[in-house]
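1. Kindly generate the corresponding structure for this input.
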Amino acid sequence: MDILDRLPAPVPQTRLLWEALVDLQDRTDLGIGPLGPRGIIPITGGRFRGGPGFAALSGTVLPGGADRQQVRPDGARELDALYEMQVADGAILTIRNRVIIDESVAGPRYAIGRVQVTAPEGRWGWLNRRVFVGTMASARPERAAVVIRVWLVEEHPGDYASV
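-> Residues are numbered from 1 along each chain as shown. I've put the predicted structure just below:
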């Protein structure tokens, strides 16, 4: 029997970790680079709230971050956002969200990101040791913002009761 047949294939599960409403300024064109058109969108603030079981993970999106964008030759966009979120308890999380947007297919656009969290040690230190994925949707025309939802990826559901 082959090793691949003997070892079970765990199916990762996701749990909604937080939802954020991230306020944006208008896009600034950075010109054409070797890979195509480039731009930057300043992040001016916002708010976030924890998903089910993560209610304490709520607070504000701090101004000062930015979303750098690259339009690829195949038409897809690569976004690389770096910003900070301050939890209500004062902890500051640094968020890096790398998103691929593909609007070339029929139906809703594909906008999925790999989210990396850098947290201070202590209550939120476990965020440094997990994998997260995110979705992104525009809040326009109601607000110059995007809605980011971040999902915790788990091989075996954990207990985060202390959160």
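2. Which SSE is immediately downstream of the strand or helix carrying residue 114?
-> Following DSSP states H and E, the helix or strand that holds residue 114 is strand 110-118. On the C-terminal side of strand 110-118, the closest following helix or strand by DSSP H and E is strand 131-138.
3. Which elements pack onto that next one?
-> Contact here means 3 or more Cβ pairs under 8 Å, 6 or more residues apart in numbering; DSSP states H and E; on that basis strand 131-138 packs against strand 92-102, strand 110-118, strand 145-154. For the C-beta atoms, the positions are set from N, CA and C on the backbone; glycine is no exception.
4. for the shortest one, packing partners?
-> Think strand 110-118. With contacts taken as 3+ Cβ pairs under 8 Å, 6+ apart, strand 110-118 sits against strand 92-102, strand 131-138.
5. give me the low-pLDDT residue ranges for the protein?
-> Regions of the chain meeting the criterion pLDDT under 70 cover residues 159-163.
6. max-length strand in it?
-> strand 36-50 (DSSP state E).
7. Quick check: what element follows that strand along the chain?
-> Remark: after strand 36-50, the chain's next helix or strand is strand 59-61, criterion DSSP H and E.
8. okay, the angle between the helix or strand that that next one is followed by and strand 92-102?
-> Using DSSP H and E, the helix or strand that follows strand 59-61 in sequence is strand 66-71. Taking axes from the mean of the first three to the mean of the last three Cα atoms, to 10 degrees, strand 66-71 and strand 92-102 form an angle of 20 degrees between their directions.
9. Next, the buried residues of strand 66-71.
-> Residues of strand 66-71 classed as buried by neighbour count (16 or more other Cβ atoms under 10 Å): 66, 67, 69, 70, 71.
10. next one: stretch 135-152
-> Those would be 136, 145, 146, 148, 149, 150, 151, 152, for stretch 135-152 by 16+ other Cβ under 10 Å.
11. now do stretch 44-64
-> Residues 44, 45, 46, 48, 50, 51, 54, 57, 58, 59, 61, 62 are the ones in stretch 44-64 that count as buried (16+ other Cβ under 10 Å).
12. re the thing from before, elements contacting the longest strand of the chain?
-> Packed against strand 36-50, as judged by 3+ Cβ pairs under 8 Å, 6+ apart, are the following elements: strand 13-24, strand 28-33, strand 59-61, strand 66-71, strand 77-87.
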